[in-house]
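[1] Here is my input; please provide its structure:
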Amino acid sequence: MSRLLAPLTRAVTYTRWLHLLVGAIIALVCGAVYPGLTRPGYGQWALMLLIPVPLLLAAAVIPVVRRAEGLQARLMLFPGAHARVEDGSGPREAGVSVAPSASWRDRGRTAVWLVLRLWAGCAVAFVTGQLMALALELVDATSGGPVEAESLIPVPGHGWAYALLVPVPPLVLLGVVALAGRLMASAALGLLGPSAAERLAALEERTEQLLERNRIARELHDSIGHALTVAVVQAGAARAAADPAFTDRALDAIEETGRAALEDLERVLLVLRESGQPASRRPTLTEADRLLDSARASGAEVDAEVLGALDTVPGPVSREGYRILQEALTNVLRHSGTVPIRVAVTVDDARLWLDVRNPLPAGAPVNGRGSGGSGSGLRGIRERAALLGGRARTGPDEGQWRVHVELPLG
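    So this is what the prediction gives:
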């Protein structure tokens with residue numbers, strides 16, 4: 001019983017009722033002009049249903065009409081602000097488009113929707129008027145007053161027994177309204193739902209969001225991982241050296257690296273929060289000296305060679321190249337310690353090459369995993385290279401661990 005009465009307690013039942021009644025307004029306006037609303041007969045009711053149809057078909061051609069109908073359907077046919085459909089699997093976004101018509105197919109579906117809304121609205125308005133009139137007639141029959149026969153169902157005689165029937169018409173009306181609202185909601189999903197082009201655009205947008213999240217995750221891994229690795233190596237070296245001057249240099253390196261990591265973290269958080277504030281600029285290969293100096297400050301001997309103009313490298317390639325170099329140096333410090341590192345950066349008209357080498361530690365496995373790592377760091381390097389159409393090779397090479405990356409510039 002409670003399940004049957006549940007729709008009567010839901011606000012969406014009444015917003016759907018209002019939506020249906022609004023759909024009948026144009027018929028009532030046209031009917032007021034012709035043939036008139038004073039006790040219309042069945043033929044006149046039929047004219048009121050047909051006269052507005054050409055106007056609705058013409059309106060459906062206007063692209064923005066579909067957007068207006070979609071917004072109304074979202075707000076009034078589905079529960080919750082901006083339409084979340086409640087079903088057995090939990091809330092989900094309503095499948096009603098709010099984009100203007102982009103094709104004649106969209107215009108055709110909009111035309112069918114407008115006509116359906118007109119006729120369904122007129123039917124619900126008629127049933128509403130009849131059942132409410134019947135309820136009032138039952139009240140008059142109960143009180144013994146004169147019964148004005150406004151409904152199609154006559155009420156014979158008078159008597160207190162009619163008091164038991166007074167609640168019946170409103171309950172029947174609410175049941176009809178709940179059923180009609182559910183049917184109109186289903187029709188809206190079919191007629192106002194997104195087109196194939198809109199679904200494809202939504203899928204592409206979702207894919208872009210996932211790619212952006214993956215990129216942010218990689219940047220956080222590279223930046224924070226590099227900062228923590230440098231801090232750990234510097235702290236260990238300072239404790240082992242027991243030299244105040246070396247300790248001061250180590251603390252300076254830890255401070256500088258930590259500040260850079262905090263800047264990266266703040267920039268990423270600004271993007272995630274969508275605060276509207278401008279995010280700080282992402283570092284590029286022109287700032288590679290900061291990475292090299294950080295590695296040297298950790299105690300590693302870094303031999304760097306740069307051939308070509310780094311400032312001519314396109315922004316996306318230069319930014320990803322910086323992160324690749326950062327991850328490569330971090331892997332060396334994390335897995336091999338303060339060993340000699342050779343870095344070569346070469347730029348020509350078509351490509352950028354990054355090459356990072358370091359000796360494999362004694363007793364390292366043949367596959368080199370004891371030096372270069374096998375986790376998300378190397379995978380991130382390969383993913384960054386592949387995203388730009390390049391390639392990355394990582395692994396042992398003649399007794400050394402080598403990271404070799406080739407990126408196209410155009």
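[2] From here on, just use CA atoms for contacts and neighbour counts.
    Will do.
[3] what helices or strands is the helix or strand containing residue 105 leaning on?
    Here residue 105, judged by DSSP states H and E, is contained in helix 104-143. Judged by 3 or more CA pairs under 8 Å, 6 or more residues apart in numbering; DSSP states H and E, the packing partners of helix 104-143 are helix 11-23, helix 25-33, helix 42-50, helix 53-60, helix 63-77, helix 168-191.
[4] show me where pLDDT drops low in the stretch 101-250 of the chain?
    Residue ranges of the stretch 101-250 of the chain with pLDDT under 70: 145-150, 196-197, 200-216, 218-219, 221-223, 226, 234, 237-242.
[5] Take the helices and strands packed on helix 104-143 and write them to TSV, including mean neighbour count and distance to residue 358.
    Output for the helices and strands packed on helix 104-143, formatted as TSV (neighbours: other CA atoms under 10 Å; distance: least, CA to CA, whole Å):
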stretch	mean neighbour count	distance to residue 358
helix 11-23	20	67
helix 25-33	17	79
helix 42-50	16	83
helix 53-60	16	69
helix 63-77	21	61
helix 168-191	18	61
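[6] With distance to residue 224 added, can I get the ones you listed in CSV?
    As requested, the helices and strands packed on helix 104-143 are exported to CSV (distance: least, CA to CA, whole Å):
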stretch, distance to residue 224
helix 11-23, 49
helix 25-33, 62
helix 42-50, 68
helix 53-60, 55
helix 63-77, 43
helix 168-191, 46
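[7] if we can go back for a sec, in the helix holding residue 105, what's buried?
    Buried residues in helix 104-143, counted by 16 or more other CA atoms under 10 Å: 106-115, 117-125, 127-128, 130-142.
[8] Residue 410 - nearest residue in space that isn't next to it in sequence?
    residue 350 (6.8 Å; CA to CA, 6 or more residues apart in numbering).
[9] likewise residue 52?
    In space, and not counting its chain neighbours, residue 52 is closest to residue 27: 6.2 Å by CA to CA, 6+ apart.
[10] Test my guess that the one you found contacts residue 122.
    Yes: counting by CA atoms under 8 Å, residue 27 touches residue 122, with 7.4 Å between them.
[11] Name all residues that sit in contact with those two at the same time.
    The contact sets of residue 27 and residue 122 overlap at residue 49 (CA atoms under 8 Å, 6 or more residues apart in numbering).
[12] before we move on, which element is residue 395 in?
    Applying DSSP H and E, one finds residue 395 within strand 391-397.
[13] C-terminal to that strand, what's the next element?
    Downstream of strand 391-397, the first helix or strand assigned by DSSP H and E is strand 400-408.
[14] between that next one and strand 391-397, how big is the angle?
    170 degrees (axes from the mean of the first three to the mean of the last three CA atoms, to 10 degrees).
[15] roughly how far is strand 400-408 from the heart of the chain?
    Relative to its chain's centre, strand 400-408 lies at 36 Å (CA atoms, centre = their mean, to the nearest Å).
[16] I'd like the average pLDDT over that strand.
    Strand 400-408 comes out with an average pLDDT of 92.
[17] other SSEs contacting the one helix or strand residue 342 maps to?
    Using DSSP H and E, residue 342 maps to strand 341-347. Contacts defined by 3+ CA pairs under 8 Å, 6+ apart place strand 341-347 against strand 302-307, strand 351-359.
[18] Export only the CA atoms of it, formatted as PDB.
    Extracted C-alpha coordinates of strand 341-347, given in PDB (Å, rounded to 0.1, in the frame of the first residue of the first chain):
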ATOM      1  CA  ILE A 341      75.500  10.700 -14.400                       C
ATOM      2  CA  ARG A 342      75.900  11.600 -18.100                       C
ATOM      3  CA  VAL A 343      73.100  13.700 -19.600                       C
ATOM      4  CA  ALA A 344      73.000  14.500 -23.300                       C
ATOM      5  CA  VAL A 345      70.200  16.800 -24.800                       C
ATOM      6  CA  THR A 346      70.200  17.200 -28.500                       C
ATOM      7  CA  VAL A 347      67.900  19.400 -30.600                       C
END
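[19] how close does the residue nearest to residue 52 sit to residue 350?
    68 Å (CA to CA, to the nearest Å).
[20] quick one: low-confidence parts of the stretch 301-410 of the chain?
    Within the stretch 301-410 of the chain, the ranges that satisfy pLDDT under 70 run 362-376.
[21] Looking at the helices and strands packed on strand 341-347, which one is packed in the most?
    Scoring the helices and strands packed on strand 341-347 by mean neighbour count under mean count of other CA atoms under 10 Å gives strand 351-359 as the most buried, with a mean of 21.
[22] beta partners of residue 302?
    Residue 302 has these beta-bridge partners by DSSP bridges: residue 341.
[23] Contact partners for it?
    So residue 302 contacts 292, 295, 296, 340, 341, 342, 343 (CA under 8 Å, 6+ apart).
[24] who's in contact with the helix or strand containing the third one?
    It refers to residue 296. Using DSSP H and E, residue 296 maps to helix 288-297. By CA under 8 Å, 6+ apart, the surrounding residues in contact with helix 288-297 are 230, 234, 249-250, 253, 257, 301-302, 304, 322, 325-326, 329, 333.
[25] Would you mind putting the helices and strands packed on strand 341-347 into CSV with distance to residue 6 alongside?
    What follows is the helices and strands packed on strand 341-347, written out as CSV (distance: least, CA to CA, whole Å):
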stretch, distance to residue 6
strand 302-307, 73
strand 351-359, 66
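[26] Determine which of these approaches residue 181 most closely.
    strand 351-359 (61.9 Å; CA to CA).
[27] Please export the C-alpha coordinates of that closest one as PDB.
    Provided in PDB are the C-alpha atoms of strand 351-359 (Å, rounded to 0.1, in the frame of the first residue of the first chain):
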ATOM      1  CA  ARG A 351      63.600  16.000 -33.200                       C
ATOM      2  CA  LEU A 352      64.600  16.200 -29.500                       C
ATOM      3  CA  TRP A 353      66.900  13.500 -28.000                       C
ATOM      4  CA  LEU A 354      67.300  13.000 -24.300                       C
ATOM      5  CA  ASP A 355      69.900  10.500 -23.100                       C
ATOM      6  CA  VAL A 356      70.700   9.800 -19.400                       C
ATOM      7  CA  ARG A 357      73.300   7.200 -18.400                       C
ATOM      8  CA  ASN A 358      74.600   6.000 -15.100                       C
ATOM      9  CA  PRO A 359      76.700   3.000 -14.000                       C
END
